[in-house]
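Asks: Turn this into a model:
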Amino acid sequence: MLIASNKISRDFMYLEAEKVEQKLTNEQLEYLREYDAMHPSTGPLEVQAIVKQWNIDDYDFYRDLIDWFNGQRFMERKIAILRYDSARVAA
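Replies: This next block holds a predicted model:
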């Protein structure tokens, strides 16, 4: 049961990241992707700095960005697992 719960949680985080991307401009999304590539362990303080830099005073937007970064982490893990599994199957 725990495995099913974890899968639902991961899928939810990925869907949340997609919803957030739809709310962002292309420039904001590009900035976040570059920031994420340079700072792979982005936490709440870094997200708060981004929101302040963009001059957006909205808690929901702050939470959306945290969800986006969390979604990115889950997708990275999911891709790593898929690569590992496919390498094992191919061998």
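
Asks: Let me know the next secondary structure element after the helix or strand of the chain with the lowest mean pLDDT.
Replies: Least confident helix or strand of the chain, by mean pLDDT, DSSP states H and E, is helix 2-23 with a mean of 65. Using DSSP states H and E, the helix or strand that follows helix 2-23 in sequence is helix 26-38.

Asks: Could you point out the helix or strand that follows that next one?
Replies: helix 44-53.

Asks: Mind listing what's buried along that next one?
Replies: Val47, Ile50, Val51 (16 or more other CB atoms under 10 Å). Quick note: C-beta positions are derived from backbone N, CA and C, even for glycine.

Asks: Does the last one touch Ile66 like I think?
Replies: Just to be clear, that refers to Val51. No. Taking CB atoms under 8 Å as the definition, Val51 is not a contact partner of Ile66, at 9.9 Å.

Asks: low-scoring pLDDT stretches of this protein, where are they?
Replies: For the chain, the stretches with pLDDT under 70 are 1-15, 91.

Asks: what about the longest helix in this structure?
Replies: helix 59-90 (DSSP state H).
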